[in-house]
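**Student:** predicted model follows, preceded by the sequence.
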Amino acid sequence: MKKLGPFVVAFVVLAVVSAKSQGRGAPPIGLPGPPPAVLMGPPPAVLAGPPTAAIAPPAAAMGPPPAVVIGPPPSVVMGPPPAVVALPPSLGLPHGPAGGLPAAAGSAPGLLGPAANAPGQIVRETVQAATDAVGRPSGAPILAANLARDEHGALIVRAEVLALGPDDASMRITQRLGFTVVRRDSLGALGLATATLRAPEGMSAVDALVALRRADPRGTYDYAHVYNPSGGANVAASTVAFSPVNPAAGTGLRVGMIDGGIEVHHPAFRTASLVTEAFAQNASAHGTIHGTAVASLLIGHERGFSGYLPGATLYAADVFAGAPDGGSADIIARALNWLAANNIAVTNISLAGPPNLLLEAAVKAFIARGHTLVAAAGNGGPAAPPSYPAAYPGVIAVTSVDSDKRPELDANRGAQFAALGVDVRAAMLPDGYARVTGTSYAAPAVTARFALVLHSPDAADARMALRQFSQEGVPLEQQRMRPNIWRHPLR
């Protein structure tokens, strides 16, 4: 395993989530069912579980051990280093007024940047206005026709059930019960086989799952749970300017992302290396608020802005692609299979939701083959149950803190690491930048940290990196309000 590369990001180790928890994700707005309560007031003084910690520097670092470390690569900064580095990858404005979005992301077009009449921009804004942050149609009637809720209130695809590894006997049972096979998938890189089943006319997914489990107790069936982003956009825009990061930082590295589509025409990706694939069936991919922001934090770069790994190649799996039922467990499983087939060592997934048997099997197979999955812990609040896939064993769960290392008010606390995820500057549609907040935007910092040392899938190296980062930690409650910053030398 190679020596750590340059990095300076607020990075905090948190309590490991119990893999056996049966907590459910927060249902999104737009379908029946009350949303979970949002806890108000300051975060608890002491977090539950083991002490949380932040990555500390090696003994050779100059000065006293810092309470919080890791961030954008400082040693490749052109010109004098910025005055503050324990902040987002860059808070500088682009070439003109920054674009932004209303707090209800996806409910209205973005504020126009300098190129208001750029070809295709009006089309992209019109499309975005009718969709949510990951590209699904935002109209309630469309969602209600395609989505429903399970008995716990979690979002599911209407009238569909997933079968894991169905044999011929199981398929005969499903046919006898009147189910239709929507599709069958052989996930060769993960060693899994799945089938998506449509319930008979008039039967709900809840009743369908009960019927299948009763008729075929040897089979493995679950809902087609739907997963959602763990962050939103704010209207406010920062005017703090930072020196640009060398666009060659991260060159030769490859990193994965499972999210919504990326606005490839955004200036942040003008020189980026992108390999994209859309997985939602019968849909067309286009740029989304959430996917664009997360991708920019990973590999984005232009004058006044840089992600954590500019110069790296991003393998981006779009699991929404404009489909009303995008982001389901079976689609995410296909994305994991694609990334495994492409030998991607470290993958970021800033989505969260309920536990699911197919997703669990896919994640388990992905990790068993030496791949590292970094997942946002969710934004249900300090008392929220665990969200998945972050809560599965072996997944690197990430929660969010602000620039003073205080936990984000509505961030889930059960995680192994935390990074800056409050008021992070990221690319926004159509071509500007805005501040974003959520565990979604903390995860890329941790993803980049692992990607710098894990260049190919290797379970032993992944465990070594996790052990090293965890042992270097400082308990969260012991952090100073104004910590020192450690800078990694560029190898």
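**Tutor:** Everything's here; your move.
**Student:** for stretch 266-284, buried residues please.
**Tutor:** Using 16 or more other Cβ atoms under 10 Å as the test for burial, stretch 266-284 gives His266, Pro267, Ala268, Phe269, Ala272, Thr276, Glu277, Ala278, Phe279, Ala280, Gln281, Ala283. The C-beta positions use only the backbone N, C-alpha and C, and glycine is treated the same way.
**Student:** per-residue pLDDT, Ala321?
**Tutor:** With respect to pLDDT, Ala321 scores 89.
**Student:** let's verify it: helix, strand, or coil?
**Tutor:** coil (DSSP: H, G, I helix; E, B strand; the rest coil).
**Student:** could you double-check that it sits in contact with Gly135?
**Tutor:** Yes. Counting by Cβ atoms under 8 Å, Ala321 touches Gly135, with 6.7 Å between them.
**Student:** when these two are compared, which one has more neighbours?
**Tutor:** Neighbours were tallied for Ala321 and for Gly135 using other Cβ atoms under 10 Å; the higher tally belongs to Gly135 (34 against 25).
**Student:** so how far is Ala280 from the more buried one?
**Tutor:** Here Gly135 is placed at a distance of 9 Å from Ala280 (Cβ to Cβ, to the nearest Å).
**Student:** joint contacts of those two?
**Tutor:** Overlap of the contact sets of Gly135 and Ala280 (by Cβ atoms under 8 Å, 6 or more residues apart in numbering) consists of Asp318, Phe320, Ala321, Gly322, Gly326.
**Student:** who wins on neighbours among the residues you listed?
**Tutor:** That'd be Phe320 among the shared contacts of Gly135 and Ala280, by other Cβ under 10 Å, with 34 neighbours.
**Student:** what does the residue lying closest to that one once chain neighbours are set aside show for phi and psi?
**Tutor:** Once flanking residues are discounted, Phe320 sits nearest to Gly326: 3.3 Å by Cβ to Cβ, 6 or more residues apart in numbering. With angles defined as degrees, to the nearest 10, Gly326 sits at phi -70, psi 160.
**Student:** report pLDDT for Gly326.
**Tutor:** 93.
**Student:** buried set for stretch 394-409?
**Tutor:** Buried positions in stretch 394-409, judged by neighbour count with 16+ other Cβ under 10 Å: 394-403, 405, 407-409.
**Student:** may I ask which two of those residues are separated the most?
**Tutor:** Gly394 and Ser403 (30.0 Å; Cβ to Cβ).
**Student:** hmm, Gly219 is touching Ala211, no?
**Tutor:** No. Taking Cβ under 8 Å as the definition, Gly219 is not a contact partner of Ala211, at 11.6 Å.
**Student:** redo the buried residues of stretch 394-409 as a markdown table? Include pLDDT, distance to Arg172 and secondary structure.
**Tutor:** A markdown table is the format used below for the buried residues of stretch 394-409 (pLDDT from 0 to 100; distance: Cβ to Cβ, whole Å; DSSP: H, G, I helix; E, B strand; the rest coil):
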| residue | pLDDT | distance to Arg172 | secondary structure |
| --- | --- | --- | --- |
| Gly394 | 97 | 35 | coil |
| Val395 | 98 | 35 | coil |
| Ile396 | 97 | 41 | strand |
| Ala397 | 96 | 40 | strand |
| Val398 | 94 | 44 | strand |
| Thr399 | 93 | 46 | strand |
| Ser400 | 93 | 48 | strand |
| Val401 | 90 | 53 | strand |
| Asp402 | 90 | 56 | coil |
| Ser403 | 88 | 59 | coil |
| Lys405 | 85 | 57 | coil |
| Pro407 | 89 | 52 | strand |
| Glu408 | 92 | 50 | coil |
| Leu409 | 90 | 52 | coil |
